[in-house]
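**Q** coords please:
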Amino acid sequence: QLQLVESGGGLVQPGGSLRLSCLASGFTLDDYAIGWFRQAPGKGREAVSCIMSNYGTTLYADSVKGRFTISRDNAKNTVYLQMNNLKPEDTAVYYCAAVSVHFPRNCLSDKYPYWGQGTQVTVSS
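**A** From the prediction side, this is the model:
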């Protein structure tokens, strides 16, 4: 059974950093795109970043470029989202999601069938 579990959220001051983890079980990362999404109160879900490891592809939303970095650890079957220089507008519930991929494409706009439960990130002084 395919499962995704996020962790690493919390409260941080503006300018601070957090690293989110997405632990995958029931499948290996090689044939899947993993995306990070966020949803702030009263707003729609936003694609933040995604990685297609088989194709060496990482993509970022303009709002996080230069501040967030997505990476993966095959041995741990885990995808990370390193978030630096956090801003209050980054406050949201962050979700990771997975979709099977067989060719390179824009994984930010993919439809993801598998989702984790989310982890809260709050940026506030």
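**Q** Would you map the strands across this structure?
**A** With DSSP state E as the definition, the chain shows strands at residue ranges 3-7, 10-12, 18-25, 32-39, 45-52, 57-60, 68-73, 78-83, 92-100, 114-115, 119-123.
**Q** distance between the third one and the chain's centre?
**A** Which is strand 18-25. Taking Cα atoms, centre = their mean, to the nearest Å, the mean C-alpha location of strand 18-25 is offset from the chain mean by 8 Å.
**Q** I'd like the mean pLDDT over it, please.
**A** Strand 18-25 shows a mean pLDDT of 97.
**Q** contacts for that strand?
**A** Residues from elsewhere that reach strand 18-25 (Cβ atoms under 8 Å, 6 or more residues apart in numbering): 1-10, 12, 32, 34, 36, 76-83, 86, 94, 96, 98, 116, 119, 121. C-beta here means a position set from N, CA and C on the backbone, and glycine is covered the same way.
**Q** of all the strands of the chain, which lies closest to Asn106?
**A** strand 57-60 (6.8 Å; Cβ to Cβ).
**Q** helices or strands up against that closest one?
**A** For strand 57-60, the elements it packs on are strand 45-52, strand 68-73, judged by 3 or more Cβ pairs under 8 Å, 6 or more residues apart in numbering; DSSP states H and E.
**Q** Could you check the pLDDT of the residue most central in space within the chain?
**A** The centre of the chain sits closest to Trp36, judged by Cα atoms, centre = their mean, with a distance of 2.3 Å. We note a pLDDT of 98 for Trp36 in this prediction.
**Q** ok, how many other residues are close to the residue nearest to Arg38 when sequence neighbours are not counted?
**A** Spatial nearest neighbour of Arg38, chain neighbours left out: Ala92 (3.8 Å); criterion: Cβ to Cβ, 6 or more residues apart in numbering. Applying other Cβ atoms under 10 Å, we find 22 other residues in the vicinity of Ala92.
**Q** The residue nearest to the centre of the chain and Ser49 touch, don't they?
**A** Yes. Between Trp36 and Ser49 there is a contact at 4.8 Å, judged by Cβ atoms under 8 Å.
**Q** Can you check which residues contact both of those two?
**A** Contacts common to Trp36 and Ser49, judged by Cβ under 8 Å, 6+ apart, are 70, 81.
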